[in-house]
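>>> Below are the sequence and a predicted model for it; my questions follow.
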Amino acid sequence: MYPIMVDLTNRPVTIVGGGQVAFRKYQKLLAENAKITIISPSINERINLNKVNWIKAKYSKDLLADADLVLACTNDKKVNEQVYQAAYPHQLVNNTSDKYNSDFYNVATFKYDGYVYSISSLGKDPFATKKKRQALQNWLDK
Ligand SMILES: C[C@@]1(CC(=O)O)c2cc3[nH]c(cc4nc(cc5[nH]c(cc(n2)[C@H]1CCC(=O)O)[C@@](C)(CC(=O)O)[C@@H]5CCC(=O)O)C(CC(=O)O)=C4CCC(=O)O)c(CCC(=O)O)c3CC(=O)O
Ligand SMILES: NC(=O)C1=CN([C@@H]2O[C@H](COP(=O)(O)OP(=O)(O)OC[C@H]3O[C@@H](n4cnc5c(N)ncnc54)[C@H](O)[C@@H]3O)[C@@H](O)[C@H]2O)C=CC1
């Protein structure tokens with residue numbers, strides 16, 4: 001895995017699924033001014049519908065065409081797998097329910113004093129990653 005900082009300002013990013021996990025990914029993407037589309041029959045009430053393009057539908061490949069990044073966040077592993085398999089060659093897909101079949105992972109991250117801190121377990125243990133993020137933040141706050 002090759003860690004980089006990506007400028008997502010106005011870049012098309014598509015989230016498939018609109019639940020809890022989609023909401024967490026949306027928050028971080030919105031903070032970086034990505035152009036977010038959500039494809040999902042239902043949507044978490046904390047997602048601001050003025051800030052996203054919500055396509056109220058089940059996933060189908062034709063709806064993915066515009067995206068640079070795709071995050072497969074439905075609660076149906078088969079659908080997430082279909083998204084991963086169907087993506088166009090220019091797209092990078094994060095399959096949130098299968099760490100062995102993702103082009104990229106989300107990292108635990110925070111900004112502090114002009115720096116960005118990011119932590120990853122390379123997909124192995126998101127819970128341990130979260131703990132390390134909290135410990136590092138507490139240490140910096142001292
Ligand atoms: C592989 C990866 C793929 C990806 O999502 O990119 C992945 C996968 C999975 N996460 C699961 C569960 C939860 N993950 C979180 C939270 C975070 N998960 C994040 C990243 C990643 N998670 C990637 C690897 C990261 C790495 O390499 O270390 C963080 C860092 C970044 C972010 O999501 O923004 C963010 C912490 C941010 C922070 O607080 O700092 C919470 C919430 C919580 O704990 O509060 C829950 C509880 C459920 C819920 O959300 O309700 C499960 C189900 C496990 C099970 O049920 O067994 C899987 C699937 C699996 O493990 O196969
Ligand atoms: N990577 C991560 O951080 C985590 C990943 N997971 C994985 O993510 C999955 C989703 O979890 P939650 O968001 O909590 O579920 P959830 O039940 O809150 O949301 C699922 C969403 O997917 C949508 N959906 C279902 N079928 C669809 C389809 N065919 N096309 C488009 N949208 C569809 C639903 O309408 C709903 O909005 C879990 O099943 C698990 O595999 C779970 C926890 C954390």
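Sure thing, it's come through. Predicted model, so just to flag it, every value in this text is computed and none were measured. Ligands and ions are numbered 1, 2, ... in the order given.

>>> near ligand 1, anything from the longest helix anywhere in the chain?
Scanning the chain for the helix with the most residues, using DSSP state H, yields helix 126-141. Yes - using Cβ under 6 Å from any ligand atom as the criterion, contacts between helix 126-141 and ligand 1 involve 126-127, 129-130, 133. (Glycine included, C-beta is placed from N, CA and C.)

>>> Just among those, which is most surrounded?
Compared across the residues of helix 126-141 next to ligand 1, residue 129 has the highest neighbour count, 20 neighbours, by other Cβ atoms under 10 Å.

>>> For it, give me its contacts.
With contacts defined as Cβ atoms under 8 Å, 6 or more residues apart in numbering, residue 129 is in contact with 107-108, 119-121.

>>> and what of residue 102?
Each residue near residue 102 by Cβ under 8 Å, 6+ apart is listed here: 84, 93-96, 123.

>>> Filter those down to just the buried residues.
Applying a neighbour-count criterion of 16 or more other Cβ atoms under 10 Å, the buried members of the contacts of residue 102 are 84, 93-96.

>>> ok, those vs residue 1, which is closest?
Taking Cβ to Cβ as the measure, residue 1 sits nearest to residue 94 out of the buried ones among the contacts of residue 102, at 12.1 Å.
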